[in-house]
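Visitor: here's my sequence, what's the structure:
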Amino acid sequence: MKKGILVLVLLVATLTNAQEIADNTIGLRLGNYYGASYQKKLDTSSRIELGVSWRGYSTYSDIKIDAYYQKVLNFESVDKMNWFYGAGGGVGIWKYDSKYYYSYYDYNDSGTYIVAGGTVGLEYKFDSPILISIDARPEFAFGDFYDGFHINGGVAIRYTFK
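Guide: Numbering: from 1, shown residues only. I've put the predicted structure just below:
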């Protein structure tokens, strides 16, 4: 009998603390890269995020496509706030063209790279269909020009929908 009551209490506590994950979100993520992302709910505590991002300078441009699996957990002390963590990766292409900066030294090159990394962050869902988040993505890049360890931090604003 006592074990049954304990199981019932744990079940009720789990159900009442269940986080609300939006079925779908679409929006912008700004940081080291600027991009658009789409999130799709997989079950009550996980989702997948797909993104296209870019960055550029006067002599360098970079485009990356990535996907991250995220586990979403309720941030107990703040209502409507979740924290998340996960892993994923992506592929990118870059181009370097120095003729715009140094007219006497013309250097052109381009290539591809692969990224593997993680993600961790916080998100807050407003009463409206708006969700904001802040995250960090430590990643390892493997390529000719863009390689090694990097941290891609960002702030995102997304529209939530069914």
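
Visitor: what strand or helix carries the closest residue to Gly117 other than its chain neighbours?
Guide: What sits nearest to Gly117 in space, not counting adjacent residues and going by Cβ to Cβ, 6 or more residues apart in numbering, is Glu139, at 2.9 Å. Every residue, glycine included, has its C-beta placed from N, CA and C. Here Glu139 sits within strand 130-143, counting by DSSP states H and E.

Visitor: next one: Trp83
Guide: strand 81-97.

Visitor: partner strands of that strand, with direction?
Guide: Strand 81-97 pairs in its sheet with strand 60-74 (antiparallel), strand 108-125 (antiparallel), by DSSP bridges.

Visitor: if we can go back for a sec, any idea of the pLDDT on the residue nearest to Gly117?
Guide: In this model, Glu139 is scored at 95, pLDDT.

Visitor: contact partners for it?
Guide: By Cβ atoms under 8 Å, 6 or more residues apart in numbering, Glu139 lies in contact with 89, 115-118, 149-152.

Visitor: quick revisit: please tabulate the strands paired with strand 81-97 in TSV, including the columns distance to Gly51.
Guide: Shown next, in TSV, are the strands paired with strand 81-97 (distance: least, Cβ to Cβ, whole Å):
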stretch	distance to Gly51
strand 60-74	5
strand 108-125	11
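
Visitor: with respect to Ala22, which of these lies nearest?
Guide: Ranking those by their distance to Ala22 (criterion: Cβ to Cβ) puts strand 108-125 first, at 6.9 Å.
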